[in-house]
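In: Fold the following for me, if possible:
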Amino acid sequence: MDVNDITGKILSAAYKVHTALGPGLLESSYQACLKYELKKRAYW
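Out: Predicted coordinates for the structure are as follows:
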């Protein structure tokens, strides 16, 4: 797996989290949800 594949997967998960939560939350909220999303997708 190259860097572009990894980056694409991370950005895809981050976009999904941001779309679901919306703007204006604390960074820790996004971080916890992104970690959950990456684990759910078995990237972590």
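In: And for stretch 12-20, what's in contact with it?
Out: In this structure, residues lying in contact with stretch 12-20 by Cβ atoms under 8 Å, 6 or more residues apart in numbering are 30, 33-34, 37-38, 41, 43. In short, each C-beta sits where N, CA and C put it, glycine included.
In: mind running it again at 7 Å?
Out: By Cβ atoms under 7 Å, 6 or more residues apart in numbering, the surrounding residues in contact with stretch 12-20 are 30, 33-34, 37-38, 41.
In: which secondary structure element contains Thr7?
Out: If you go by DSSP states H and E, Thr7 is part of helix 3-21.
In: What residues of the next helix or strand after that helix count as buried?
Out: Next along the chain after helix 3-21, taking DSSP H and E as the criterion, comes helix 27-40. Buried positions in helix 27-40, judged by neighbour count with 16 or more other Cβ atoms under 10 Å: 33-34, 37-38.
In: Please render these as CSV that adds distance to His18 and pLDDT to the earlier fields.
Out: Output for the buried residues of helix 27-40, formatted as CSV (distance: Cβ to Cβ, whole Å; pLDDT from 0 to 100):
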residue, distance to His18, pLDDT
Cys33, 9, 97
Leu34, 9, 96
Glu37, 10, 95
Leu38, 14, 94
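In: Please tabulate the residues you listed in JSON lines, including the columns distance to Thr19.
Out: Listed next are those as JSON lines, based on distance: Cβ to Cβ, whole Å:
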{"residue": "Cys33", "distance to Thr19": "11"}
{"residue": "Leu34", "distance to Thr19": "12"}
{"residue": "Glu37", "distance to Thr19": "11"}
{"residue": "Leu38", "distance to Thr19": "16"}
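In: Below-threshold pLDDT in the protein: ranges please.
Out: Along the chain, the parts satisfying pLDDT under 70 run over 44.
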